[in-house]
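Asks: Need a 3D model of the sequence below.
(3 chains)
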Amino acid sequence: MTEAFGDWDGSIADARRVQAELATRLRLRDDFPKPPRWLGGFDVGFEDEGATTRAAAVLLDAQTLEPIASELVRLPTSMPYVPGLLSFRELPALLQALRLLPHAPDLVFVDGHGIAHPRRLGIAAHFGVVTDLPTVGVAKKVLTGTSATALHDMRGAFTPLRDGREQIGWMLRSKPRCNPLVVSPGHRVSMASAAELVMRYTTTYRLPEPTRLADRLASRRDG
DNA sequence: GCGACAG
DNA sequence: ATCTTGTCGC
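Replies: You can find the predicted model right below:
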């Protein structure tokens, strides 16, 4: 569990070096069971004014989208939030939650960016590289990149998110009249599949079921 | 130098 | 992320 950050020396500057190095191991091609049978949803929340990090992991049946197991892990927060270095703050708790699930999912959705990141290693990509599980990043806001200013207000509409000429993700209207999601592949998932997968597992809410359920647990708004 | 900046 | 009730619009 300490291998998630390689030989990181603990500094902010070195964290960026580690990210660039780990991004080298990303495989952006579909490499997961089709159709997947088990989906995983991951998200993090905080309590005690941020002193405690709370990670939620949910395992769902991909066919019914019903959760079959869920885990909650609480750890003392070890690092402040620094844009671009989110995984160094939240990944440890997420990995522990993953281990508690009855078995590993074969496709994972993480709340946050995949490769739509300055060094192409958002938390979803980082999660995928260290676990070697297929991952997709589902964020609510853009961290880096630009896209068309207008997007059809129809469920399923999408437009590329680019950094220069390179496409790093998609702006996806998962639900009418709701701000679009920022979807990007993490590991072992292609750019084209990332958006399709998110839509496939989205019902009537803005967020796809895996991430929506994990969100509810991590944010204590569960019932 | 001046903004922007996942959760 | 988190602190928080009502309220406008579909």
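
Asks: Which parts of stretch A:169-183 count as buried, going by neighbours?
Replies: Under the neighbour-count criterion of 16 or more other C-beta atoms under 10 Å, stretch A:169-183 has A:169, A:170, A:171, A:172, A:173, A:174, A:175, A:180, A:181, A:182, A:183 buried. C-beta here means a position set from N, CA and C on the backbone, and glycine is covered the same way.

Asks: er, stretch A:95-112 I mean
Replies: A:95-98, A:101, A:105-112.

Asks: From the opening residue of it to its closing one, how far?
Replies: Terminal residues of stretch A:95-112 lie 15 Å apart, using C-alpha to C-alpha, to the nearest Å.

Asks: Does residue A:74 touch residue A:54 like I think?
Replies: Yes: look at residue A:74 against residue A:54 with C-beta atoms under 8 Å: they come within range, at 5.2 Å.

Asks: Then residue A:162 would be within a strand, right?
Replies: Yes: assessed by DSSP: H, G, I helix; E, B strand; the rest coil, residue A:162 belongs to a strand.

Asks: which residues does it contact?
Replies: A:145, A:146, A:147, A:168 (C-beta atoms under 8 Å, 6 or more residues apart in numbering).

Asks: any idea whether the last one is helix, strand or coil?
Replies: Which is residue A:168. strand.

Asks: Apart from its neighbours in sequence, what residue is nearest it?
Replies: residue A:116 (4.5 Å; C-beta to C-beta, 6 or more residues apart in numbering).

Asks: With residue A:72 as the reference, measure out to the one you found.
Replies: Relative to residue A:72, residue A:116 is positioned 27 Å away (C-beta to C-beta, to the nearest Å).

Asks: okay, the two: which has more neighbours?
Replies: Neighbour count, other C-beta atoms under 10 Å: between residue A:116 and residue A:72, residue A:116 has more, with 30 against 18.

Asks: shouldn't that one be in contact with residue A:138?
Replies: No: using C-beta under 8 Å, residue A:116 is not in contact with residue A:138, being 10.5 Å away.

Asks: what is in contact with those two at once?
Replies: residue A:182.

Asks: hmm, stretch A:145-159 touching DNA strand C?
Replies: No: counting by C-beta under 7 Å from any atom of the strand, DNA strand C is not contacted by stretch A:145-159; separation bottoms out at 10.3 Å.

Asks: can you give me phi and psi for residue A:206?
Replies: In terms of degrees, to the nearest 10, the main-chain angles of residue A:206 are phi -70, psi -40.

Asks: Could you do residue A:60 as well?
Replies: Torsion angles, degrees, to the nearest 10, at residue A:60: phi -120, psi 160.

Asks: for the nearest residue to it once chain neighbours are set aside, which residues make a bridge with it?
Replies: Nearest non-adjacent residue to residue A:60, counting by C-beta to C-beta, 6+ apart: residue A:39, 4.5 Å away. Using DSSP bridges, the bridge partners assigned to residue A:39 are residue A:60, residue A:107.

Asks: what number of residues lie near residue A:39?
Replies: Other residues close to residue A:39 by other C-beta under 10 Å number 28.

Asks: what about it, distance to DNA strand B?
Replies: 19 Å (C-beta to the nearest atom of the strand, to the nearest Å).

Asks: So what's the predicted local confidence for that residue?
Replies: As predicted, residue A:39 sits at a pLDDT of 98.
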